[in-house]
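**Q** quick check, what structure comes out for this input:
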Amino acid sequence: MDAFLRGLELNEQANAANALPWFQEAVRTDPQFALAWAELGAAQANSGQKAASLASYTRAFALRGRGTERERLWVEFRYYHAIGDEISALAACRRLASENPEEALFQRDVAFFMVRTGFAADALSFNRRAVELQPSSDNNMSELLCNTAEAGLYDETLTAFENFRKQGYTSPLLNRGAGWAYLGKGDYNNALHYLENQGPEPERERDARLHRCIPLIMQGSFKEASSALESDLAFDLATGEQELPRSEEHTSELQSLRHL
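**A** Reported below is the predicted structural model:
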């Protein structure tokens, strides 16, 4: 259990790469620990290990009846998200948030799935509640910024971003939301600046390489964007990860482009 909790702590700081070995230790110690398998899957997905993550989610789903109702629902929303059933994932998250109203993770995850089912504006109250409950979480702040931008509230996003910085929160992960906001406002230079500076972790650096292609394309820098995308495609093919990693910490490029 200690390894599992340490993994969760690292996940809350958007550090999937370092969380990964802790979740691996948790399932090694207890191979029947369904929730540890689910969180291992999340860490693998956020580290670009798509195939391995689906195997972990599937293992968790098969074991979900061994835990509490809370753990079962937690496993289910992770699994449903992995297979693309966002409606079922949202339903499981809503129950978790309703039954555990003081847990920031579930508030944030309700917002995550509301955005992905087309209700970005309605998601913001859940994002704000998550920040209230756990204001030190980089994930909570980043999700609030990204979803506010996804709702088309670009100036509000940038105001919140500046307020977080003034309060001493320095995580580069917050740059993502600012980048989406500047993208929506048509300020591609600032969008590029923030989207390409999301942190030194491998998964953040890879996300940044992909995200920066959007303002490059909008500025007409097609050759540079094409080169970056071809490089990442070659990496995916070489590693067997042909799909972009899905992450609970950000709004996808395609969603953001809907507002341009």
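
**Q** quick one: residue 13 and residue 138 touch, right?
**A** Yes: using Cβ atoms under 8 Å as the test, residue 13 is close enough to residue 138 to be in contact (5.3 Å). The C-beta positions use only the backbone N, C-alpha and C, and glycine is treated the same way.

**Q** who touches both of the two?
**A** Taking Cβ atoms under 8 Å, 6 or more residues apart in numbering as the criterion, residue 13 and residue 138 both touch residue 171.

**Q** those two - which one has more neighbours?
**A** Per other Cβ atoms under 10 Å, whichever of residue 13 and residue 138 has more neighbours is residue 138, with 20 against 16.

**Q** quick one: residues contacting the residue lying closest to that one once chain neighbours are set aside.
**A** Once flanking residues are discounted, residue 138 sits nearest to residue 171: 4.3 Å by Cβ to Cβ, 6 or more residues apart in numbering. Residues in contact with residue 171 (Cβ under 8 Å, 6+ apart) are 13, 14, 138, 141, 142, 199.

**Q** against residue 150, how distant is residue 171?
**A** 19 Å (Cβ to Cβ, to the nearest Å).

**Q** how deep is residue 88 tucked in, by neighbour count?
**A** Residue 88 is flanked by 16 other residues according to other Cβ under 10 Å.

**Q** kindly format the C-alpha coordinates of the helix or strand in which it is found as PDB.
**A** Assigned by DSSP states H and E, residue 88 belongs to helix 86-99. What follows is helix 86-99, C-alpha atoms only, in PDB (Å, rounded to 0.1, in the frame of the first residue of the first chain):
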ATOM      1  CA  GLU A  86     -16.400   8.200 -22.200                       C
ATOM      2  CA  ILE A  87     -20.100   8.100 -21.300                       C
ATOM      3  CA  SER A  88     -19.600   5.100 -19.000                       C
ATOM      4  CA  ALA A  89     -16.500   6.600 -17.600                       C
ATOM      5  CA  LEU A  90     -18.400   9.800 -16.800                       C
ATOM      6  CA  ALA A  91     -21.200   7.900 -15.100                       C
ATOM      7  CA  ALA A  92     -18.700   6.000 -12.900                       C
ATOM      8  CA  CYS A  93     -16.900   9.300 -12.000                       C
ATOM      9  CA  ARG A  94     -20.200  11.000 -11.200                       C
ATOM     10  CA  ARG A  95     -21.000   8.300  -8.600                       C
ATOM     11  CA  LEU A  96     -17.600   8.600  -7.100                       C
ATOM     12  CA  ALA A  97     -17.700  12.300  -6.800                       C
ATOM     13  CA  SER A  98     -21.200  12.200  -5.300                       C
ATOM     14  CA  GLU A  99     -20.300   9.500  -2.700                       C
END
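
**Q** name the helices or strands packed onto it?
**A** With contacts defined as 3 or more Cβ pairs under 8 Å, 6 or more residues apart in numbering; DSSP states H and E, the packing partners of helix 86-99 are helix 69-82, helix 104-116.

**Q** and the helix or strand following the last one, what does it pack against?
**A** Read it as helix 104-116. Sequence order places helix 120-133 as the next helix or strand after helix 104-116, per DSSP H and E. Packing partners of helix 120-133 (3+ Cβ pairs under 8 Å, 6+ apart): helix 104-116, helix 138-150.

**Q** would you put the C-alpha positions of the first one in PDB?
**A** Only the C-alpha atoms of helix 104-116 are listed here, as PDB (Å, rounded to 0.1, in the frame of the first residue of the first chain):
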ATOM      1  CA  ALA A 104     -10.300  16.300  -5.400                       C
ATOM      2  CA  LEU A 105      -9.400  13.500  -7.800                       C
ATOM      3  CA  PHE A 106     -13.000  12.600  -8.500                       C
ATOM      4  CA  GLN A 107     -14.100  16.200  -8.900                       C
ATOM      5  CA  ARG A 108     -11.300  16.700 -11.500                       C
ATOM      6  CA  ASP A 109     -12.100  13.400 -13.300                       C
ATOM      7  CA  VAL A 110     -15.800  14.300 -13.600                       C
ATOM      8  CA  ALA A 111     -14.600  17.500 -15.300                       C
ATOM      9  CA  PHE A 112     -12.200  15.600 -17.500                       C
ATOM     10  CA  PHE A 113     -15.000  13.400 -18.900                       C
ATOM     11  CA  MET A 114     -17.500  16.200 -19.100                       C
ATOM     12  CA  VAL A 115     -15.100  18.000 -21.500                       C
ATOM     13  CA  ARG A 116     -14.700  14.900 -23.600                       C
END
